[in-house]
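Enquirer: Need coordinates for the below:
(2 chains)
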There are 2 protein chains.
Amino acid sequence: MSPRRETYARKLDLTRGCVEIGHGGGGRTMAQLIEELFLAAFDNDWLRAQDDCARLTVPTGRLVMATDSHVVSPLFFPGGDIGCLSVHGTLNDVAMAGARPLYLAAGFILEEGFPLADLQRIVTSMARAAQAAEVPIVTGDTKVVERGKGDGVFITTTGVGVIPAGVDISANRAQPGDAVLLSGSLGEHGMAVLAQRENLSFDTSIESDTAALHGLVAAMVAAVPDIHCLRDPTRGGLSSALNEIARQSAVGMRLREAAIPVKEPVRALCEFLGLDPLYVANEGKLLAICPVEVAETLLAAMRAHPLGREAALIGEVVADPHGFVEMETVFGGHRLVDWLSGEQLPRIC
Amino acid sequence: MSPRRETYARKLDLTRGCVEIGHGGGGRTMAQLIEELFLAAFDNDWLRAQDDCARLTVPTGRLVMATDSHVVSPLFFPGGDIGCLSVHGTLNDVAMAGARPLYLAAGFILEEGFPLADLQRIVTSMARAAQAAEVPIVTGDTKVVERGKGDGVFITTTGVGVIPAGVDISANRAQPGDAVLLSGSLGEHGMAVLAQRENLSFDTSIESDTAALHGLVAAMVAAVPDIHCLRDPTRGGLSSALNEIARQSAVGMRLREAAIPVKEPVRALCEFLGLDPLYVANEGKLLAICPVEVAETLLAAMRAHPLGREAALIGEVVADPHGFVEMETVFGGHRLVDWLSGEQLPRIC
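Expert: Numbers count the residues shown, from 1 in each chain, chains lettered A, B, ... in the order given. Below is the predicted model of the structure:
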């Protein structure tokens, strides 16, 4: 006997309706929002069970868990929105352990008065991203805060996955002599969001690179199981990602600026705004560190994947007790690539 | 070689300092917040690795995953705060599948200007709750939104756990004839938060019942492996929990009001405010449904546990194609216990 569907006085008005406090109340109004909006988009057996948790089958292996709260502003930007971003961001954190993502959970914090049509657009984008990644959203939660106590929609996603046997990827495994590879050009996500936010008058044509990287990672791990480190340079950009690895592995890095791909519109907008692409957020790029002997093999595997076509060898790991990241500039000089201090672009993801 | 610790110009001012936009920026300022506040409180090997995910060992078994966003207002209330609540809430959702919770992830959305001293108090409370529950917080994320775009602190926690062999607990397993058990008295969490929020002038002496229920669940499952349903009656209270199960299992329920424990101060405050304790949130109570033949065994196991001392048999499951929850009142009449429609007490968890 299949569970009785609740009958509601009228359907949610997904065209003109707004989020109401009652949508977070745990009663019938919330049940209706979940059924007509979330379940309709994410439809699967786990969610249909409507328990407060999901029962999952997991193959034997080491489990990986990652969580990311998404507060990007604006919610919609060229190339994406908070919905697909919240799927990609967490899948990528799971993938950076070399793992295959299996399941996602999603927690929504909605502001009273937020248009249901926008919420549906976001949820549909999440559903599409999850489907394309073949990772179902199996459980979730919805809360509503009063007008002025939130900012439209915040989405926290959590992912679990399993690490294939023989893979041991961690930020503390970089070794002097290792090669540093980057999967593609820098700065597109940050510049796309910023251009949208600031209503920059000239058409920048820059789109966010937001993408799920686990397919690329699977191809890389298959080609070179002994990848030492993987990291997606999101908030804080390439500089922060490299400094984190340098710190965790107690090594230094030497980069060649000329080898780092940055697309012309991003370079131009960064110059215009006085920003450095090395510090700008990416949402569909990864950094890989591997033994130099297998660097060409790994680079070839990356370039054979649609999301790694512009992959490049951008530098090497060096012994350095200070853990400095240095760069040979295009003019032949050297400069220190320090961490981002504070915040360059707030609410970029 | 252990990873280099970053040295910062000065330590975080945990007495007078406030959350700044830069604390969410992905750079050095964020690293300092994580090290001096989150890592200091949650200290474990997973977090110390400072990857964007955690690598976990999981025993063979069916995995359970649950997520909960916490937006309770006020952040501190008699008997608890958003910190311990965010640990208990998610542990309980995992436990309601009969599972043993293993790991927690935590995503923080902080409002610019929020006092670091309050954040530390919250984080310390989370750490204490996680430690008491023996479930480590293994990974996390921190975002900062501008002043006026959030409300102090929102915390989304996600838990994973494993279901012991032979246990099959789900909201769709209630069967006519089953017994309905409640682990203790109703309404304390909701009334404690409300009294604090509204600054009620008389001393209510009501404290939140917030507690981790997985120990109680383990004792219950050990005594009666064939429990059919478990549910913690949080938002929406007992009425919503029972209506959800009735709907999922396509059955009705008959309750006896006289058997439902409600403490005197809660009853008095509910009467004063015109609220019904059946609709008020709980954070440390559970509802269990089991075959009537084992109800006494289960009740005894509940009463033997500190969190189930006042457990009671409150009703039974009946065949009812309409899925109604009915109650025999203390005066001998009958009334329908419908879902909460809309929101009785916003932001109760």
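Enquirer: Helix or strand: which one has the residue nearest to the spatial centre of chain A?
Expert: With distances taken as Cα atoms, centre = their mean, chain A has residue A:89 as the residue nearest its mean C-alpha position (2.0 Å). Per DSSP states H and E, residue A:89 falls inside helix A:82-95.
Enquirer: Just list what that helix packs against, helices and strands only.
Expert: Counting contacts by 3 or more Cβ pairs under 8 Å, 6 or more residues apart in numbering or on different chains; DSSP states H and E, helix A:82-95 is packed against strand A:62-70, strand A:100-111, helix A:116-133, strand A:153-163, helix A:214-223. Every C-beta, even on glycine, is put in place using the N, C-alpha and C of the backbone.
Enquirer: State the distance from the nearest residue to the residue nearest to the centre of chain A once chain neighbours are set aside to residue A:93.
Expert: Using Cβ to Cβ, 6 or more residues apart in numbering or on different chains and skipping the chain neighbours, the partner closest in space to residue A:89 is residue A:68 (4.6 Å). To residue A:93, residue A:68 is 6 Å away according to Cβ to Cβ, to the nearest Å.
Enquirer: Give the bridge partners for the residue nearest to residue A:89, please.
Expert: residue A:157 (DSSP bridges).
Enquirer: And chain A, split by domain according to the record?
Expert: Listed by automatic domain parsing, the domain ranges of chain A are A:21-163, A:179-336.
Enquirer: Residue B:44: which of those is closest?
Expert: Relative to residue B:44, the nearest member of the domains of chain A by Cβ to Cβ is domain A:21-163, separated by 13.2 Å.
Enquirer: need the strands for the stretch 201-349 of chain A, in chain order.
Expert: Listed in chain order, the strands of the stretch 201-349 of chain A (DSSP state E, counting those that start in this stretch) span A:229-231, A:252-256, A:287-290, A:312-318, A:325-328, A:334-336.
Enquirer: among those strands, which is nearest chain B?
Expert: strand A:229-231 (7.4 Å; Cβ to the nearest Cβ).
Enquirer: elements contacting that closest one?
Expert: Partner elements for strand A:229-231 (3+ Cβ pairs under 8 Å, 6+ apart): helix A:237-249, strand A:287-290.
Enquirer: contact partners of that strand?
Expert: A:95-98, A:169-171, A:173-174, A:217, A:220, A:241, A:244-245, A:249, A:286-289, B:52 (Cβ atoms under 8 Å, 6 or more residues apart in numbering or on different chains).
Enquirer: one step back: isn't the residue nearest to residue A:89 up against residue B:106?
Expert: No. Assessed by Cβ atoms under 8 Å, residue A:68 is found out of contact with residue B:106, at 11.3 Å.
Enquirer: Now do the shared contacts for the two.
Expert: Common contacts of residue A:68 and residue B:106 (Cβ under 8 Å, 6+ apart): residue B:141.
Enquirer: In JSON lines, list the strands of the stretch 201-349 of chain A along with mean pLDDT and mean neighbour count.
Expert: Putting the strands of the stretch 201-349 of chain A into JSON lines (pLDDT from 0 to 100; neighbours: other Cβ atoms under 10 Å in any protein chain shown) gives the following:
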{"stretch": "strand A:229-231", "mean pLDDT": "97", "mean neighbour count": "27"}
{"stretch": "strand A:252-256", "mean pLDDT": "98", "mean neighbour count": "21"}
{"stretch": "strand A:287-290", "mean pLDDT": "98", "mean neighbour count": "26"}
{"stretch": "strand A:312-318", "mean pLDDT": "98", "mean neighbour count": "21"}
{"stretch": "strand A:325-328", "mean pLDDT": "97", "mean neighbour count": "20"}
{"stretch": "strand A:334-336", "mean pLDDT": "95", "mean neighbour count": "11"}
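Enquirer: Which one, of the ones you listed, ends up nearest to residue B:213?
Expert: strand A:229-231 (37.8 Å).
Enquirer: That closest one pairs with which strands?
Expert: Here, using DSSP bridges, strand A:229-231 pairs with strand A:287-290 (antiparallel).
Enquirer: hey, which of the domains of chain A is tucked in deepest?
Expert: domain A:21-163 (a mean of 23; mean count of other Cβ atoms under 10 Å in any protein chain shown).
Enquirer: Over the helix holding residue A:89, what's the mean pLDDT, rounded is fine.
Expert: Confidence for helix A:82-95, expressed as mean pLDDT, is 98.
Enquirer: Please apply the same query to stretch A:184-197.
Expert: pLDDT averaged over stretch A:184-197 gives 94.
Enquirer: quick one: low-confidence parts of chain A?
Expert: A:1-7, A:201-204, A:342-344 (pLDDT under 70).
Enquirer: what separates residue A:148 from chain B, distance-wise?
Expert: 7 Å (Cβ to the nearest Cβ, to the nearest Å).
Enquirer: shouldn't that residue be in contact with residue B:111?
Expert: No. Applying Cβ under 8 Å, one finds residue A:148 not in contact with residue B:111, separated by 11.7 Å.
Enquirer: Touching both of those two, which residues are there?
Expert: Residues touching both residue A:148 and residue B:111 by Cβ under 8 Å, 6+ apart: residue B:148.
Enquirer: contacting residues for residue A:40?
Expert: Contacts of residue A:40 by Cβ under 8 Å, 6+ apart: none found.
Enquirer: If we use 10 Å, what do you get?
Expert: Residue A:40 makes contacts with A:12, A:14, A:34, A:120, A:123, A:124, A:127, as judged by Cβ atoms under 10 Å, 6 or more residues apart in numbering or on different chains.
Enquirer: From residue B:340, how far off is the residue nearest to the first one when sequence neighbours are not counted?
Expert: In space, and not counting its chain neighbours, residue A:12 is closest to residue A:36: 4.7 Å by Cβ to Cβ, 6+ apart. Look at residue A:36 and residue B:340: by Cβ to Cβ, they are 18 Å apart.
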